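Enquirer: Sequence and predicted structure, then a few things I'm wondering about:
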Amino acid sequence: MDATTPRAALAAEAKRQPAPETRHVLERCRSVAPILARVGDKWSMLIIIVLIDGPCRFNALKRRIDGISQQMLTRVLKALERDGLISRTTYPTSPPQVEYALTELGLSLSEPVLRLGDWVRDNLGGIEEAREAYDGK
C-alpha cells in the first residue's frame, strides 16, 4: 500500500494524534489558557503585586506601575474585575473616588505570583547565560 490509500492516510493521521493521556492534558490546557494569559500578563501581575499591600486608587496604581498607560491600566483593571480577581469600589465624593482591591480569589493568586517572581530572581543568572549562549550562535 502506498500513502495515497485510505488505510495509509488513516495510519499517518493516527501517528500525528497525541496519546489519550496527553490529549486529556491538552484539552485541560486549552480550557485554562485564556485565564493563564490574563494572570500571566505583565501588567496583571504588577497590578496584583501592588494590590497585595492593600486597596489602591487608580492614580496611585498608575504612579506605582512604571510605564503603564492610563488606557492599558483601565483595560487590565476591567479584565481583572471581570475575572473576579479584584474589586472596584466607588465612593460618592465629588469627583467620585474609585478604589481597587484584591478579592479572596485575587489574594489566593498573589501567592503563586510572588513564588513565580522568586523563581525568576533565583534563576535570572542562568537565564541570562542561556540567552548569551543562544545569541552567540
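Expert: Yes, it's here.

Enquirer: Residue 112 looks like it's in a helix, true?
Expert: Yes. Counting by DSSP: H, G, I helix; E, B strand; the rest coil, residue 112 is part of a helix.

Enquirer: quick one: it and residue 83, what's the gap?
Expert: Distance, residue 112 to residue 83, using Cβ to Cβ, to the nearest Å: 15 Å. Yep, even glycine has a C-beta here, placed from its N, CA and C like the rest.

Enquirer: buried set for the host helix or strand of residue 33?
Expert: Using DSSP states H and E, residue 33 maps to helix 20-40. Across helix 20-40, burial judged by 16 or more other Cβ atoms under 10 Å covers residue 39.

Enquirer: next one: stretch 56-64
Expert: For stretch 56-64, by 16+ other Cβ under 10 Å, it's 56, 58, 61, 62.

Enquirer: about what we covered before: looking at residue 112 and residue 83, which one has more neighbours?
Expert: Of the pair residue 112 and residue 83, residue 83 is the one with more neighbours under other Cβ atoms under 10 Å, namely 17 against 10.

Enquirer: rewinding a little: possible to save the buried residues of stretch 56-64 as CSV with distance to residue 125?
Expert: Listed next are these as CSV, based on distance: Cβ to Cβ, whole Å:
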residue, distance to residue 125
56, 32
58, 37
61, 31
62, 32
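
Enquirer: How about residues contacting the helix holding residue 33?
Expert: Contacts of helix 20-40 with the rest of the structure, by Cβ atoms under 8 Å, 6 or more residues apart in numbering, involve 17, 18, 44, 45, 48, 79, 80, 83, 85, 109, 113.

Enquirer: residue ranges with poor pLDDT in the protein?
Expert: For the chain, applying pLDDT under 70 flags the ranges 1-23.
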